[in-house]
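>>> Give me a model of this one.
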Amino acid sequence: MTAIGLIFRRELAAFVRSPIGYVIAAIVLCIDGLLYNAFALGGRPRLSAEVIHDFFYFSSGTTMVAAIFLAMRLLAEERQMGTLVLLRTAPIREVDVVLGKFLSALVYLTLITVATLHLPLLVLVNGKVSMGHLWVGYSGLLLIGSAALAIGLLGSALAPNQLVAGVTGAGLLVLMLVLWLAARVADPPVRELLEALALHARHFAPFMDGVLHTRDVFYYLAVTFFFLLCTTKALEARRWR
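Residues are numbered from 1 along each chain as shown. Prediction:
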């Protein structure tokens, strides 16, 4: 088995055995259920597509928060416990460590996300649900979740402990989210650049409506790749200190 596979199995088993993994999953499912009942189903009668749109809107927020909490322990915990030295001295590359840990967190986040599938399906009680809309929406959740995981992993690589890792990852995530606010007060062409870089506003909106654009898929994959690359370079820089 490759180094990436070994690290993936080790980290995924840690999520399954650790109570923190179940706590994060329970909190996400509880908040999603409450928000779905309060905002998506509550209030005036609405079209099924509007209910699904709102579900993916607030689920994107809980998915990003869960990603930060899952990622903050991946490298910061190793440093805190003193086991990161063993990873550095082992005959494996930093990119193997980063990819193995990232993929394990992504699989666990995917399981949490898929566990919310029953919520939009409740629309079938009194309405209709397009399976294509659900497929595109959940694809968007996984894409924005993977980007948030990569951002959180960079925070975990830079921080000395899990608390600082969570704060650092959350700070980077918020910075990526509020770029659209800066775009509103900027002049072209800076405005277009900031809007294109913002993590949620422009790129996630089509997913909420069940519309799949390759540019949005490419954007989230590019963000994920960029922050994973930064994480790898951060680990390599620490090795040579």
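>>> residues near residue 121, how many?
11 (other Cβ atoms under 10 Å). C-betas here are computed from N, CA, C, even on glycine.
>>> Return the backbone torsion pair for it.
phi -70, psi -20 (degrees, to the nearest 10).
>>> you'd agree it is up against residue 129?
Yes. At 6.5 Å, residue 121 and residue 129 qualify as touching, with contact defined as Cβ atoms under 8 Å.
>>> need the helices for the protein, in chain order.
In the chain, the segments counted as helices under DSSP state H are 3-17, 19-35, 48-71, 76-81, 84-89, 94-114, 118-121, 131-158, 162-177, 179-185, 190-197, 201-208, 214-239.
>>> Comparing those helices, which stretch has the densest surroundings?
Highest mean neighbour count among these (mean count of other Cβ atoms under 10 Å): helix 131-158, with a mean of 24.
>>> Tell me the helices and strands packed up against it.
Judged by 3 or more Cβ pairs under 8 Å, 6 or more residues apart in numbering; DSSP states H and E, helix 131-158 is in contact with helix 48-71, helix 94-114, helix 162-177, helix 201-208, helix 214-239.
>>> Run the chain-centre distance for the last one.
Put simply, helix 214-239 sits 13 Å off its chain's centre (Cα atoms, centre = their mean, to the nearest Å).
>>> Could you pull up the mean pLDDT of that helix?
The average pLDDT within helix 214-239 is 90.
>>> now it and helix 131-158, what's the angle there?
Between helix 214-239 and helix 131-158, the angle comes out at 20 degrees (axes from the mean of the first three to the mean of the last three Cα atoms, to 10 degrees).
>>> again with the second one
Taking the same axes, to 10 degrees, one finds helix 94-114 and helix 131-158 inclined to each other by 140 degrees.
>>> tell me, which of the helices of the chain is the model least confident about?
Mean pLDDT is lowest for helix 84-89 out of the helices of the chain, coming in at a mean of 55.
>>> any chance of the helices and strands packed on helix 131-158 in TSV, plus distance to residue 5?
Formatted as TSV, those follow (distance: least, Cβ to Cβ, whole Å):
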stretch	distance to residue 5
helix 48-71	19
helix 94-114	7
helix 162-177	25
helix 201-208	31
helix 214-239	17
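>>> Out of these, which gets nearest to residue 17?
Using Cβ to Cβ as the measure, helix 94-114 is the one of those that comes nearest residue 17, at 11.8 Å.
>>> Quick check: which helices or strands does the closest one pack against?
Secondary-structure packing of helix 94-114 (3+ Cβ pairs under 8 Å, 6+ apart): helix 3-17, helix 19-35, helix 48-71, helix 131-158, helix 214-239.
>>> Could you check how far the residue nearest to the spatial centre of the chain is from residue 200?
Centroid check for the chain by Cα atoms, centre = their mean gives residue 145 as the closest residue, at 2.2 Å. Applying Cβ to Cβ, to the nearest Å, the value for residue 145 to residue 200 is 12 Å.
>>> Then residue 180?
Residue 180 sits 8 Å away from residue 200, taking Cβ to Cβ as the criterion.
>>> which residues touch the spatially closest residue to residue 27 that is not a sequence neighbour?
Once flanking residues are discounted, residue 27 sits nearest to residue 66: 8.0 Å by Cβ to Cβ, 6 or more residues apart in numbering. By Cβ atoms under 8 Å, 6 or more residues apart in numbering, the contact list for residue 66 reads 24-25, 27-28, 109, 112, 145.
>>> out of those residues, what pair is the most spread apart?
Greatest spatial distance among the contacts of residue 66 (Cβ to Cβ): 27 and 145, at 15.2 Å.
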